[in-house]
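**Student:** Fold the following and give me the result.
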Amino acid sequence: MHAAKCAEVLKMTMGTDSGGITFPYEIDNAFSGELKIELPFELDPSDNCVLPSLALAASVFLAQLCLARTIVSEFPCNEEMVGAIRPIVQLLYDVRCFKDRIPYQPTPHFNLRWHSNPKLFTLPSVRRASLLWSGGIDSTLCLISLLRNEYELFPLHIASNKGSEISEEQAVRELSHVLGVPYSRGRVFFPQLSEIGRHYSTAFDVFPYENAVPFGRDLLLILVAALIARRQSTPFVCIGGDYDGRHRQIRHNDRTIHRHDLESAYACSTLQSFLWEFVSPSLRLMPPLAQLTKYRILHEMIVKHPVLASTASFCFWGEPCGRCFKCQLYYLAERALQRKVFAFQTDPVLDRESEIALCVSDPDSENIPSSQTFHYFLSRIVERGEILPQEALLLEYRDRVYPQFQGRLTEMEQSLMHIYPDSIIPNDFHVL
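**Tutor:** Below is the predicted model:
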């Protein structure tokens, strides 16, 4: 396997046409191509107020993919915008370096070729929201919660996840029909994503554990949603992000690593300030599920909305492979909750290199996402004695790890079911 590496120079420009926005790029002498965003409407001159921030987001998205040391930006931008977004760039570079196990890199130098000050827009103070709807369980519960709180909703599905685009689009289509909720559709075309990702990283698009969802993707999608928000006069842009992801941090070499990058509370707060200063002072980011743990989200969907849960897309690879992190978590969830909702191609508890295996070999590892939820699910399964003879991992968990949690499961469940306060949620919003 090759070593992870850094690019020297990323050059990016921007163009628009009736079909959307195009970002031609060059990375050293290694890659050149286009990242194109297809929109559900034709651009007009009034959209220009968002384009500088969207172009900056696209350049940051590309830069973290190759850890560029210099960004040459041939699109409208200014030093103040760069300074405001730089903390997010550092966050993305840090999490990339942490994942690839390479020395941390400084943020890139921005060579601005076209200095310009963006024109801000304002929005009415109404209960209207644009929702980034992936077709997954989290964003579907977001939709349910927003409707329950009587928000006028404008869901937007942007096909952007390599490997799961087809399953996500199918899920949104079917969920839209079941819920009676129309949606708009866009697409991110980035043909060289995997090639660039694999060239500069050792932990990208490698089945089953390293998916092809790049860090910083949500930065790009949120700025696209800002375009929709301006068109639809929706002061809220709603995104995913649960309590676990917003607060999961790892201390490494005197740095704080926000493992869920743009979903983290720190990134949301920083991006919110950027949006207020350079896009709209009345545009508000809101992750409707910020107060809920991953466990509570799965419990709500599997127990109360099993048809929607079974329709939603969740596997990183487009099919329920049974081996990626999400498949493992959802498998344990339905088994611990004694509900049969999902179907998997393989049995996750037979995989000796999985997060489940890590729960057995190193139960305190910081590399286990939603670790308390994993241990709670595993302990509930063990507690009921529902282990088959061939499930050696569960037998090992019963003997080696379960005694740590035995007698604490009621306390753990109460913690996992709790609704945690979060200032990012409006005071009159009730998530459940």
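**Student:** that's a strand at Leu332, yeah?
**Tutor:** No. Counting by DSSP: H, G, I helix; E, B strand; the rest coil, Leu332 is not found in a strand; it is helix.
**Student:** so it touches Ser379, yeah?
**Tutor:** No. At 10.3 Å, Leu332 does not count as touching Ser379 under the criterion of Cβ atoms under 8 Å. Any C-beta I mention is one placed from the backbone N, CA and C, and that applies to glycine too.
**Student:** Which residue of the protein lies farthest from its centroid?
**Tutor:** Each residue of the chain has a distance to the centre, and by Cα atoms, centre = their mean the biggest one is for Pro389: 36.9 Å.
**Student:** Report how many residues lie close to Leu120.
**Tutor:** 16 (other Cβ atoms under 10 Å).
**Student:** was I right about it contacting Pro281?
**Tutor:** Yes. Leu120 lies in contact with Pro281 (Cβ under 8 Å); the separation is 6.4 Å.
**Student:** Now for those two: what residues contact both?
**Tutor:** Here Leu120 and Pro281 have no joint contacts, going by Cβ atoms under 8 Å, 6 or more residues apart in numbering.
**Student:** which outside residues touch stretch 367-386?
**Tutor:** Residues contacting stretch 367-386 (Cβ under 8 Å, 6+ apart): 244, 248, 259, 293-295, 298, 325, 329, 332-333, 335-336, 355-356, 358-359, 363, 365, 387, 394, 397-398, 401-402, 405-406, 409, 412-413, 415-416.
**Student:** export it as CSV, just CAs?
**Tutor:** Provided in CSV are the C-alpha atoms of stretch 367-386 (Å, rounded to 0.1, in the frame of the first residue of the first chain):
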residue,chain,number,x,y,z
ASN,A,367,-11.9,4.2,17.6
ILE,A,368,-15.3,2.7,18.3
PRO,A,369,-18.0,5.2,17.1
SER,A,370,-21.0,5.4,19.4
SER,A,371,-19.1,3.0,21.7
GLN,A,372,-21.7,3.2,24.6
THR,A,373,-24.4,2.3,22.1
PHE,A,374,-22.4,-0.6,20.8
HIS,A,375,-21.7,-2.0,24.3
TYR,A,376,-25.3,-1.5,25.3
PHE,A,377,-26.6,-3.5,22.3
LEU,A,378,-24.1,-6.2,22.8
SER,A,379,-24.8,-6.5,26.5
ARG,A,380,-28.5,-6.7,26.0
ILE,A,381,-28.0,-9.5,23.5
VAL,A,382,-25.7,-11.4,25.9
GLU,A,383,-28.1,-10.7,28.8
ARG,A,384,-30.9,-12.6,27.1
GLY,A,385,-28.6,-15.5,26.2
GLU,A,386,-29.4,-15.2,22.5
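**Student:** Give me the buried positions along it.
**Tutor:** Of all the residues in stretch 367-386, those buried under the rule 16 or more other Cβ atoms under 10 Å are 368-382.
**Student:** again, but for stretch 117-134
**Tutor:** Using 16+ other Cβ under 10 Å as the test for burial, stretch 117-134 gives 118, 120-121, 123, 127-134.
**Student:** Now render those as a markdown table, adding distance to Val178 and secondary structure.
**Tutor:** Listed next are the buried residues of stretch 117-134 as a markdown table, based on distance: Cβ to Cβ, whole Å; DSSP: H, G, I helix; E, B strand; the rest coil:
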| residue | distance to Val178 | secondary structure |
| --- | --- | --- |
| Pro118 | 40 | coil |
| Leu120 | 39 | coil |
| Phe121 | 35 | coil |
| Leu123 | 30 | coil |
| Arg127 | 24 | coil |
| Arg128 | 23 | strand |
| Ala129 | 20 | strand |
| Ser130 | 21 | strand |
| Leu131 | 16 | strand |
| Leu132 | 19 | strand |
| Trp133 | 13 | coil |
| Ser134 | 16 | coil |
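**Student:** So which of those residues is the closest to Leu289?
**Tutor:** Leu131 (11.6 Å; Cβ to Cβ).
**Student:** My read is that the closest one contacts Glu152, right?
**Tutor:** No. Judged on Cβ under 8 Å, Leu131 makes no contact with Glu152 at a distance of 11.0 Å.
**Student:** ok, Leu35 touching Phe190?
**Tutor:** Yes. Assessed by Cβ under 8 Å, Leu35 is found in contact with Phe190 at 4.8 Å.
**Student:** And the two? Which one has more around it.
**Tutor:** Phe190 (25 against 22).
**Student:** Now the more buried one. Its backbone dihedrals?
**Tutor:** phi -150, psi 80 (degrees, to the nearest 10).
**Student:** and the nearest residue to Arg248 once chain neighbours are set aside, what does it touch?
**Tutor:** Setting aside the residues directly before and after it, Arg248 is nearest to Arg259 in space (Cβ to Cβ, 6 or more residues apart in numbering), at 5.0 Å. Taking Cβ under 8 Å, 6+ apart, we find Arg259 in contact with 95, 245, 248-250, 369.
**Student:** Val9 now?
**Tutor:** By Cβ under 8 Å, 6+ apart, the contact list for Val9 reads 26-28, 68-72.
**Student:** Which residues does it form beta bridges with?
**Tutor:** Val9 forms beta bridges with Thr70, as assigned by DSSP bridges.
**Student:** Need the pLDDT of it.
**Tutor:** What the model reports for Val9 is a pLDDT of 97.
**Student:** host element of the closest residue to Ala3 other than its chain neighbours?
**Tutor:** Nearest non-adjacent residue to Ala3, counting by Cβ to Cβ, 6+ apart: Thr202, 6.9 Å away. Following DSSP states H and E, there is no helix or strand that holds Thr202.
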